[in-house]
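K.L.:
could you look at this predicted model? Sequence included:
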Amino acid sequence: MPTITVRDGTEIYYKDWGDKAAQPIVFHHGWPLSADDWDAQLMFFLGEGYRVIAHDRRGHGRSTQTDTGNEMDTYADDVKQLAAALDLKDAVHVGHSTGGGEVARYVARADPGRVAKAVLIGAVPPVMVKKDSNPGGTPIEAFDGYRAAVAGNRAQLYRDVPSGPFYGFNRDGAAVSQGVIDNWYRQGMMGGIKAQYDCIKAFSETDFTEDLKAINVPVLVMHGDDDQIVPYADSAPLSAKLLSKGILKTYAGFPHGMCTTHADVVNRDILAFIRDEAGASPASTAEVAEPA
């Protein structure tokens with residue numbers, strides 16, 4: 001099982017598939033999942049000739065179930081060490097939800113030549129929690145509720161979230177997939193409860209404003225306007241405005257788990273962005289894509 005050992009002794013599991021001379025695409029998963037959440041993207045971009053890489057964040061999946069370092073600075077440093085170990089150059093970093101925060105922090109601090117572009121999908125930046133400087137954010141009580149549910153009965157929570165708001169399966173007419181629900185549960189229960197508990201603070205309270213301002217590569221910001229986990233209005237449009245080379249694409253009716261429910265649309269648009277197709281220039285833009 002491929003792993004790297006980072007500075008504090010934590011083992012980070014990763015997948016690294018495809019021609020090692022091809023342009024790398026690195027995928028960063030959301031809470032409380034693993035690299036397996038990117039199955040549809042790994043297979044698609046591997047078929048397009050890219051080198052595809054996905055890691056399990058510390059405490060998640062097959063990586064060490066750490067009780068320390070479960071915050072964004074360490075997450076980003078783990079990625080920095082992974083990029084160095086694999087000698088990644090001109091990589092495209094794609095992050096979903098919490099993984100989008102990890103991408104923002106890493107790309108803002110990456111060594112020169114390591115990153116060509118980035119993609120944020122249903123991502124947590126600029127900051128999720130409601131506070132004086134972020135009045136449209138989610139009240140802290142909502143995240144306290146998640147913490148209580150993880151500590152009290154995470155197995156039940158990890159059934160409730162995917163069967164309801166994560167994939168929009170609680171919407172009238174939704175095409176519910178029991179396999180997708182079970183796979184979410186499987187990934188969540190693979191990780192360590194302490195790391196997953198701590199990660200709630202990391203994804204909800206970390207402010208990525210300065211990270212977004214510091215990023216100087218093109219960034220595609222993708223978000224569904226029916227996202228019930230990371231509300232659209234307080235995330236994607238604000239992130240796009242802070243980025244110097246941001247492109248905002250809004251998807252009508254898409255849920256938080258759009259990488260799974262609408263993988264064909266997501267994959268197509270990421271590919272066009274990487275290839276500079278369909279007018280995907282680094283100038284800030286905004287558009288709404290109808291559900292396919």
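P.N.:
Cool, the structure landed. Bear in mind the structure is a predicted one, so any value in this text is a computation, not a measurement.

K.L.:
could you find the residue nearest the spatial middle of this protein?
P.N.:
With the centre of the chain defined as its mean C-alpha position, the nearest residue by C-alpha atoms, centre = their mean is H96, 2.0 Å away.

K.L.:
distance of that residue from N216?
P.N.:
When C-beta to C-beta, to the nearest Å is the yardstick, H96 and N216 sit 22 Å from each other. No exception for glycine: its C-beta is placed from N, CA and C like everyone else's.

K.L.:
same check, this time on P255
P.N.:
Look at P255 and N216: by C-beta to C-beta, they are 31 Å apart.

K.L.:
who's more crowded, these two?
P.N.:
For P255 against N216, the residue with the higher neighbour count under other C-beta atoms under 10 Å is P255, and the figures read 24 against 13.

K.L.:
low-confidence ranges in the stretch 151-292 of the chain?
P.N.:
Counting by pLDDT under 70, the stretch 151-292 of the chain contains low-confidence residues at 278-292.

K.L.:
that one: strands as residue ranges?
P.N.:
With DSSP state E, counting those that start in this stretch as the definition, the stretch 151-292 of the chain shows strands at residue ranges 219-224, 246-251, 286-289.

K.L.:
who's in contact with the first one?
P.N.:
Put plainly, it is strand 219-224. If you take C-beta atoms under 8 Å, 6 or more residues apart in numbering as the criterion, strand 219-224 is touched by 107, 117-123, 230, 232, 235-236, 239-240, 243, 245-256, 258, 266, 269-270, 273, 280.

K.L.:
columns distance to F166 on top of the strands of the stretch 151-292 of the chain, output as a markdown table?
P.N.:
Putting these into a markdown table (distance: least, C-beta to C-beta, whole Å) gives the following:
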| stretch | distance to F166 |
| --- | --- |
| strand 219-224 | 11 |
| strand 246-251 | 16 |
| strand 286-289 | 20 |
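
K.L.:
winner for burial among those?
P.N.:
Comparing these by mean neighbour count (mean count of other C-beta atoms under 10 Å), strand 219-224 comes out on top with a mean of 27.

K.L.:
quick check: neighbours of that strand in the sheet, parallel or antiparallel?
P.N.:
Each strand paired with strand 219-224, and its direction, by DSSP bridges: strand 115-121 (parallel), strand 246-251 (parallel).

K.L.:
can you redo those as CSV with distance to R58?
P.N.:
Supplementary listing: the strands paired with strand 219-224 in CSV, determined by distance: least, C-beta to C-beta, whole Å:
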stretch, distance to R58
strand 115-121, 21
strand 246-251, 28
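
K.L.:
before we move on, the earlier item: give the buried subset of the contacts of strand 219-224 as a PyMOL selection command.
P.N.:
What follows is the PyMOL syntax selecting those of the contacts of strand 219-224 that are buried according to 16 or more other C-beta atoms under 10 Å:
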select buried, resi 107+117+118+119+120+121+122+123+230+232+235+236+239+240+243+245+246+247+248+249+250+251+254+255+256+258+266+269+270+273+280
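
K.L.:
follow-up on the earlier one: G113 versus the residue nearest to the centre of the chain, what's the distance?
P.N.:
Counting by C-beta to C-beta, the separation of H96 from G113 is 25 Å.

K.L.:
identify each buried residue in the longest helix seen in the chain, please.
P.N.:
When every helix of the chain is counted residue by residue (DSSP state H), the longest turns out to be helix 140-163. The neighbour-count check on helix 140-163 (16+ other C-beta under 10 Å) flags 143, 146, 149-150, 154, 157-163 as buried.
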